[in-house]
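Colleague: Next come a sequence and a model predicted from it.
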Amino acid sequence: MTYYGAKQLASSFRTVRKNTIQIAEDIPESKYDFRAAPETRSVAQTLVHIAMAPRFQLHVHKNRITDLKTVNFPAIFQEVTAEEAKPRSKAEIVALLKASGDEFGGFLEGLTEEFLAEQIATPFVADPTAPTSRSRFEMLLGSKEHEMHHRGQLMLVQRIIGVVPHLTRQMQQRMAQAQASAGQQQR
């Protein structure tokens, strides 16, 4: 019996994507060209990168690839880079995030434990002591980790451009409510 399967994976991915979409909505469109440093992705490019990232996982898992040596990485990277470079409005990027999130969340939700347990050869591991294969579950979980990595970058960008991230605002509201409640109990 596992405690974290396809339904939980889909649910947690949807939560991560919901938070990414909130960040995309909170950043003004006038700041979508902002780059934290030269040679980095703009806000718009980062959001499109996040939206496109599940395509790799969908390619690997829908095609039941069992060895990453068979994946044409240059073609995939070229496609993603081309998509990142396309000019899009804020509304188009938010719609892309929603659509790709819905597609990937729906895919995850329907997977079986047996499918998630299948091993995939990962011959490109830089650490010679690391395993040379991963379960589909671990690879799919990596999608959520990848998105959270880039979302952290976007939250720092929000601070740089003067926007308080929504998760911080929510925590501040909870703290204020707790302090108000504690103050009322002391009376």
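Modeller: Good, I have the coordinates.

Colleague: C-alpha only now, for contacts and for neighbours.
Modeller: Will do.

Colleague: spatially speaking, which residue is in the middle of this protein?
Modeller: Glu147 (2.1 Å; C-alpha atoms, centre = their mean).

Colleague: need the strands for the chain, in chain order.
Modeller: Here the chain has its strands, by DSSP state E, at 119-121, 133-135.

Colleague: Switch these over to TSV; also include distance to Glu103 and mean pLDDT.
Modeller: Conversion of these to TSV gives the following (distance: least, C-alpha to C-alpha, whole Å; pLDDT from 0 to 100):
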stretch	distance to Glu103	mean pLDDT
strand 119-121	22	94
strand 133-135	21	92
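
Colleague: wait, what's in contact with Ser133?
Modeller: By C-alpha atoms under 8 Å, 6 or more residues apart in numbering, the residues touching Ser133 are Gln119, Ile120, Ala121, Thr122, Pro123.

Colleague: what residues are up against the residue nearest to the centre of the chain?
Modeller: Counted by C-alpha under 8 Å, 6+ apart, Glu147 has contacts Val16, Arg17, Ile50.

Colleague: go on, Leu97?
Modeller: Counting by C-alpha under 8 Å, 6+ apart, Leu97 has contacts Arg17, Ile21, Leu47, Val48, Ile50, Ala51.

Colleague: Repeat that for Arg136.
Modeller: His61, Phe115, Leu116, Ala117, Glu118, Gln119, Ile120.

Colleague: Could you work out the most separated pair of those?
Modeller: His61 and Ala117 (12.0 Å; C-alpha to C-alpha).

Colleague: Look up how far Met171 lies from the nearest residue to Leu58 once chain neighbours are set aside.
Modeller: Residue nearest to Leu58 in three dimensions, not counting chain neighbours: Phe104, with 7.5 Å by C-alpha to C-alpha, 6 or more residues apart in numbering. Distance of Phe104 to Met171, computed by C-alpha to C-alpha, to the nearest Å: 29 Å.
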